[in-house]
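> got a predicted structure here, sequence first:
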Amino acid sequence: MEPGGKGLGLSAKILLLTLPVIMAFTVALSLFFTLREDRLQQEDLRFSLENFADMQQAAMVPALWNFDSQALRTLFRAYAEQPDMDQVRLYDPHGALLMQTAPAGEQTPPEHTLALWKSIDIDHDGRTIHLGDLNVSFQDGRLRRDHRRRVEAALAVTLAALLMSALTIALVLRRQISRPLAELQQSLLRCAQEHIREPVRWKSRDELGLVVASYNDLLEREGVAEKALVRYQEHLEEMVAQRTRALSEREAYLQAIFDHVGVGIASSDGAGRLLTVNNQLCAFLGLPRERLAGSRLTALMDPGDGGLAEDFYRKLQSGALEDFRLEGRFLRSDGDERWGSLTAAPIADQAGGIREIISVVADITATKRAAGEMAEARHQAEAANRAKSEFLA
């Protein structure tokens, strides 16, 4: 069930589970004491019945011995006036009914009576003479009415005790279980929805108190961990910022070198197509960056020198060479020819393949021209020396 949804709370569920047990126990206990009291009353009634039968047996001996029917009728009229008396029957020695208190058709059912038989005997001249038998039965209606009243009273007391127990349990559960659980739920919701860590203010030494204490300790640990995480994140952000500034500064430094160094620098892909060039290379070739982008550096060289350089580039791409250096003639866009010292080396990627090739071109045109002029002067000097020698000879 989602938080805030309708349904039975924990206290109501526990109450519903314990209420039948309490009810059954209370009813069983009440019935036990009621039945026990009924059994004691029945024993008392039987004891009273036996005493009554003994007394009537003694009272009937002279009336039977003297055949005094008037005395017997007087006794039976007195029996009939007893409220708890069901029937009193007098039988002769042969089992014939002599007298009774009520007609046979008005007898109370046997299950509602307590009956007792007494033999009426007399000792005469040393021998026992059997005068008859007395059957006395009491109605237990009074006992049943008392029993019903006691059961009703016991049930009323049971119901009242049950209601009081339920109310007490509900109050205890509400205070000891529902209240801390509700506070715990509210704290969890605030933590999940509003990111507010508010400990539950509940202290007890039972299991629920341990749960709440563990939850509060978890909140505190989480708060400490979050603060440490925030500090670490701030430290990382500062480190990243410093690293970014350092990289930016280094990139600006390298870009400054790349743009203002005294040699031409170009980067090309694995196929030899130019990607970036610096200002010095553009000035050396007499072409802007837009014209150089995507072209091949070897295509801007003298065909003889460009073919040799193209062969070196292929060996560089295949891994046969780690780098190379050669001197060649480059053709400017204005038709002028420049000498350049070309040096190239690859830059590998993480997989070991060639990501870029860096080419550096140094302008050696002046050097080449000076070397040519020196060679021409030397040739002229040598020719002059030969002419002088021939003249002197």
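Looks like it came in fine.

> in a helix, that's where residue 276 is, yeah?
No. Assessed with DSSP: H, G, I helix; E, B strand; the rest coil, residue 276 is strand; it does not lie in a helix.

> which residue packs closest to it, ignoring adjacent ones?
residue 267 (4.9 Å; Cβ to Cβ, 6 or more residues apart in numbering). For glycine as for every other residue, the C-beta is placed from the backbone atoms N, C-alpha and C.

> now do the strands in the stretch 101-250 of the chain.
With DSSP state E, counting those that start in this stretch, the ranges of strands along the stretch 101-250 of the chain come out as 113-124, 127-139.

> what's the average pLDDT for the first one?
In other words, strand 113-124. Taken as a whole, strand 113-124 has an average pLDDT of 79.

> now swap in stretch 195-213 and tell me
Rounded to a whole number, the mean pLDDT of stretch 195-213 is 79.

> gap between that stretch and the chain center?
Its chain's C-alpha centre lies 17 Å from the corresponding centre of stretch 195-213 when counted by Cα atoms, centre = their mean, to the nearest Å.

> from start to finish, how long is it in a straight line?
20 Å (Cα to Cα, to the nearest Å).

> show me what that stretch is in contact with.
Residues from elsewhere that reach stretch 195-213 (Cβ atoms under 8 Å, 6 or more residues apart in numbering): 176-177, 179-181, 183-184, 187, 190-191, 215-216, 219-220, 222-223.

> what angle separates the longest helix seen in the chain from strand 113-124?
Ordering each helix of the chain by length in residues (DSSP state H) puts helix 10-65 first. Orientation check (axes from the mean of the first three to the mean of the last three Cα atoms, to 10 degrees): helix 10-65 against strand 113-124 gives 30 degrees.

> I'd like the next helix or strand past helix 10-65.
Proceeding N to C from helix 10-65, the next assigned helix or strand is helix 69-80, under DSSP states H and E.

> so which strand or helix has residue 330?
When secondary structure is defined using DSSP H and E, the element that contains residue 330 is strand 324-331.

> buried ones in that strand?
Along strand 324-331, these residues count as buried under the neighbour rule (16 or more other Cβ atoms under 10 Å): 324, 328, 329, 330, 331.

> from these, which two are the most distant?
Largest separation among the buried residues of strand 324-331 by Cβ to Cβ: 324 and 331, giving 20.5 Å.

> got any ranges where the stretch 251-393 of the chain has weak pLDDT?
Segments of the stretch 251-393 of the chain classed as low confidence (criterion: pLDDT under 70) are 393.

> for it, what spans make up the strands?
With DSSP E, counting those that start in this stretch, the ranges of strands along the stretch 251-393 of the chain come out as 264-268, 274-277, 324-331, 337-348, 354-363.

> give me whichever of those strands is most buried.
Burial of the strands of the stretch 251-393 of the chain is given as mean neighbour count (mean count of other Cβ atoms under 10 Å); strand 264-268 ranks first at a mean of 20.

> can you check what angle separates it from strand 337-348?
Going by the same axes, to 10 degrees, strand 264-268 makes 50 degrees with strand 337-348.

> quick check: residue 20 vs residue 167, distance?
Distance, residue 20 to residue 167, by Cβ to Cβ, to the nearest Å: 16 Å.
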